[in-house]
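In: Return atomic coordinates for the entry below.
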Amino acid sequence: MSNDEKKKINVQEIKKYWLEEALEALNVADHLYEKNDNSYSLFFGHLAIEKLLKGLFVLKKGEHAPYIHNLQRFAEMMDIKLTDDQTEKLITITRFNLESRYPDQKRSFRKKCTKEFTENELKKIKDIFKWLKSMI
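Out: Purely as a prediction, here's the structure:
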């Protein structure tokens with residue numbers, strides 16, 4: 001078997017895997033929101049978008065997705081045309097990954113994650129999710 005043959009991947013199978021993972025992460029985000037675990041809800045919202053982008057990457061590039069968490073940069077790696085609004089949403093959602101995982105000592109992000117704030121941000125996450133999913 002040649003090196004090229006070893007590198008080939010089952011694009012449809014891996015895309016399906018990432019799509020299932022993304023849907024599961026979005027479901028967990030909703031469960032966490034229902035339990036008032038708001039900052040972690042947004043963290044899982046980030047994971048949902050990241051996993052959806054990984055599935056899209058596999059589909060577009062025919063290779064395994066890179067280990068990257070910056071959603072805007074990830075989309076740009078695939079030449080996805082972003083509006084200013086989509087760019088801003090991806091930047092914001094990327095921050096949820098960092099701010100949830102590495103809170104400051106004042107826990108300022110967690111305090112910011114009121115029910116209303118989290119609900120609004122989850123809506124933005126779901127809008128981006130729907131848009132990206134339409135490409136798969």
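In: list the contacts for the closest residue to M135 other than its chain neighbours?
Out: Nearest non-adjacent residue to M135, counting by C-beta to C-beta, 6 or more residues apart in numbering: L56, 5.8 Å away. (Glycine included, C-beta is placed from N, CA and C.) By C-beta atoms under 8 Å, 6 or more residues apart in numbering, the residues touching L56 are K15, M78, I80, L132, M135, I136.
In: Give me the neighbour count for the nearest residue to the second one once chain neighbours are set aside.
Out: Just to be clear, that refers to M78. Take M78 and drop its neighbours on the chain: the residue closest to it by C-beta to C-beta, 6+ apart is K60, 5.1 Å away. K60 has 16 neighbours, counted by other C-beta atoms under 10 Å.
In: V58 too?
Out: Neighbour tally, V58, other C-beta under 10 Å: 24.
In: residue contacts, the most centrally placed residue in the chain?
Out: By C-alpha atoms, centre = their mean, the mean C-alpha position of the chain lies nearest to I49, the distance being 1.9 Å. With contact taken as C-beta under 8 Å, 6+ apart, I49 is in contact with A22, L71, L90, I93, I125, I128, F129, L132.
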